[in-house]
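take a look and give me a structure for this.
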Amino acid sequence: MLLPKTKLKNQLAIINAISKVIIIGLAIFVIPWLVSKISIDETDDQLIQKLDQVYDLIETNGIDVFINEDNNNQGFGSYNILKEEYISIEKTNDTLLYEFIDNQKREIDSEIYDYRVISATFSVDNQTYLLEIGKSLTTIISIEQNMKRLAFYLLLFLLTISIFIDLSITRILLKPFEKIIAKLKNTQHPKHFDYSIIPTQSTDFNYLQESIGDLMHQIEQAFESEREFIGNVSHELLTPISILKIKLDNFTSNTELPVDEMLKIYEAKTTLSRLTKMVRALLLLSRIENREYMKNERIHLPIILSDIHNEFQDRAELKKQNLSFTNSIGEAHFTGNAELFRILISNLISNAIKYTPEKGRIELILKKQADKINISITDNGPGINEKDLGAIFDRFKKFGKQKESFGLGLALAKEIADYLHIELKVISAQHKGTSFELSIH
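Predicted structure coming up:
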């Protein structure tokens, strides 16, 4: 069965509702037939009982009680006042003895009535008599309708009670599961996971909690091992890189070399600088992933954005680019980490300057939209191919022909944005520029 993608509790409720609808549908067809059969069978039983009672009377008192030959009484008939029942006895020339029940019509006082009639022949003193006992079908149908109505109301009542019980039991049974899901959603890092066991009578949920706890322990250990590895490797790499740079600086300052040799040394120093940036970026990513930064600083957006804008003005002017900052909301602030927020905006502006050609335009805009604060960094550079947009924030993913990039800038920006609960998205089209949109709730 195909169910909508929703919570397990809602799926179970849908299944219960569908099953109840199927039950109601079947009951609508079955109950009328069943009630009709029961009412007819009950009527037939009553007619047979009355037939036996008449036989007993005739056997005890004789046929003269009903038909008196001396008074030329050739038959007997009796109807009650509402013509709901009747009994008749008359002579017949048919010598075949039989009993059967069927529906028949009778004319009484020039009106036609429908009856359920039991007809039987019997013999007394070599004379055959026809005995009929009838019960009005109108009465039977009335009783039948009342039974159908009662059965339908009872069905609705039972269905309502069963739905309420199903929902209540489902809610009770799934309450531990919802708490487990909530605990997972509230866990931002394995280190902060709550390992306490939620009480439940379901062995499946107990097994689920134990499995999640074991997995969280493994993930926490993996995170810790990765943090230690990256930290150790970063420090081990930064030390020799720094030593190499110092030695190259000392060598070039104390030695006279040809221009082509100096260029090679300059390229080596540039490569060492790039390696230093990459190692520090990886170290920063590791620290963010391990939630080592506090997020309790009050960040004044106009001030920090203005500072970042001023820091990049000289770099933009070197490429003859127009880097502007527009604040359309005045004072605005949010709580987070100022250092990480500065790195986030700086990486996006640096990326825009890098990929925007000379005399290009880069806009840093602070504005408010509905209940959100929006920050946008927009350029009129070459843009990003649509097929690459899905991987724009992947690590070590490079776009364009920038050889000096390791593909960590946007990955770091996305990691910081997620850590600070800032929504980050990119809008781009080739030859039309790129816009990075940040939304702060």
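
now do the contacts for Glu226.
Residues in contact with Glu226 (Cβ atoms under 8 Å, 6 or more residues apart in numbering) are 286, 289. Glycine gets a C-beta too; all of them are placed from N, C-alpha and C.

kindly recompute the last result at 7 Å.
Ser286 (Cβ atoms under 7 Å, 6 or more residues apart in numbering).

is it true that it lies in a strand?
No - counting by DSSP: H, G, I helix; E, B strand; the rest coil, Glu226 is not found in a strand; it is helix.

mind checking pLDDT for it?
Predicted confidence (pLDDT) at Glu226: the value is 72.

doesn't Leu323 lie inside a helix?
No - applying three-state DSSP, one finds Leu323 to be strand, outside a helix.

what's the distance between it and Leu248?
33 Å (Cβ to Cβ, to the nearest Å).

ok, now Ser286?
Between Ser286 and Leu248 the distance is 28 Å, computed by Cβ to Cβ.

try Ile172
If you measure Ile172 against Leu248 using Cβ to Cβ, the figure is 72 Å.

more neighbours: these two, which one.
More neighbours sit around Leu248 than around the other of Ile172 and Leu248, counting by other Cβ atoms under 10 Å; the figures are 15 against 10.

please name the residues that touch that one.
Under the criterion of Cβ under 7 Å, 6+ apart, the neighbours of Leu248 are 265, 268-269.

check which helix or strand it maps to.
Remark: Leu248 resides in helix 203-254, with elements defined by DSSP states H and E.

counting neighbours, which bits of whichever helix or strand comes after that helix end up buried?
Reading on from helix 203-254 to the C-terminus, the next helix or strand found by DSSP H and E is helix 259-289. Residues of helix 259-289 classed as buried under the neighbour-count rule (16 or more other Cβ atoms under 10 Å) are 272, 275-276, 278-279, 281-286, 288.

quick one, longest strand in the chain?
For the chain, the strand that runs over the most residues, judged by DSSP state E, is strand 111-124.

restricting to C-alpha, output stretch 190-200 in PDB.
What follows is the C-alpha trace of stretch 190-200 in PDB, where atoms were taken according to Å, rounded to 0.1, in the frame of the first residue of the first chain:
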ATOM      1  CA  PRO A 190      27.400  13.300  19.100                       C
ATOM      2  CA  LYS A 191      29.200  14.700  22.100                       C
ATOM      3  CA  HIS A 192      25.900  16.300  23.300                       C
ATOM      4  CA  PHE A 193      23.800  13.200  22.700                       C
ATOM      5  CA  ASP A 194      21.500  12.200  25.600                       C
ATOM      6  CA  TYR A 195      22.300   8.500  26.300                       C
ATOM      7  CA  SER A 196      19.500   8.100  28.900                       C
ATOM      8  CA  ILE A 197      17.000   5.300  28.000                       C
ATOM      9  CA  ILE A 198      13.400   6.400  27.500                       C
ATOM     10  CA  PRO A 199      11.100   4.000  29.400                       C
ATOM     11  CA  THR A 200       9.000   1.800  27.000                       C
END
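
about what we covered before: which one of the buried residues of helix 259-289 is nearest Ala17?
Ile288 (45.9 Å; Cβ to Cβ).

next, the contact list for the closest one, please.
By Cβ under 7 Å, 6+ apart, the residues touching Ile288 are 415-416, 419.

what's the closest of these to Gln188?
Tyr419 (8.7 Å).

quick one: pLDDT of that closest one?
Here the pLDDT value assigned to Tyr419 is 88.

so that it lines up with my notes, have the first residue be 616 from now on.
Okay, residue one is now 616; in that scheme the one you just asked about reads as Tyr1034.

that one: how many residues sit nearby?
Applying other Cβ under 10 Å, we find 18 other residues in the vicinity of Tyr1034.

what of Phe838?
17.

you'd agree it is up against Met831?
No - applying Cβ atoms under 7 Å as the test, Phe838 and Met831 come out as separate, 10.2 Å apart.

what is the nearest of the contacts of Ile903 to Phe927?
Of all the contacts of Ile903, the one sitting nearest Phe927 is Ile1031; the distance, using Cβ to Cβ, is 17.6 Å.

how many neighbours does the nearest residue to the closest one once chain neighbours are set aside have?
Computed as Cβ to Cβ, 6 or more residues apart in numbering, the closest residue to Ile1031 that is not its neighbour in sequence is Leu959, at 4.4 Å. Residues lying near Leu959 (other Cβ under 10 Å) number 26.

so Leu959 belongs to a strand, correct?
No - read with three-state DSSP, Leu959 is helix and lies in no strand.

show the pLDDT at it.
Per-residue confidence for Leu959 comes out at a pLDDT of 92.

now Glu978: phi and psi?
When read as degrees, to the nearest 10, the backbone of Glu978 gives phi -120, psi 130.

and for Gly1048?
phi 100, psi 180.

list the contacts of it.
Contacts were defined as Cβ under 7 Å, 6+ apart; by that measure Gly1048 touches 993-996, 998.

which of the residues you listed tops the neighbour count?
Compared across those, Asp994 has the highest neighbour count, 26 neighbours, by other Cβ under 10 Å.

distance of that one relative to Lys969?
With distances taken as Cβ to Cβ, Asp994 is found 10 Å from Lys969.

the domain parsing of this protein - what is it?
Residue ranges for the structural domains of the chain, counted by automatic domain parsing, are given in the record as 628-758, 818-904, 912-1055.

deepest of those, which one?
domain 912-1055 (a mean of 17; mean count of other Cβ atoms under 10 Å).

ends of it, what's the gap?
End-to-end span of domain 912-1055 (Cα to Cα, to the nearest Å): 15 Å.

how about stretch 702-713?
Length of stretch 702-713, first residue to last, Cα to Cα: 17 Å.

do stretch 730-749 as well
Between the opening and closing residues of stretch 730-749 lies a distance of 6 Å (Cα to Cα).
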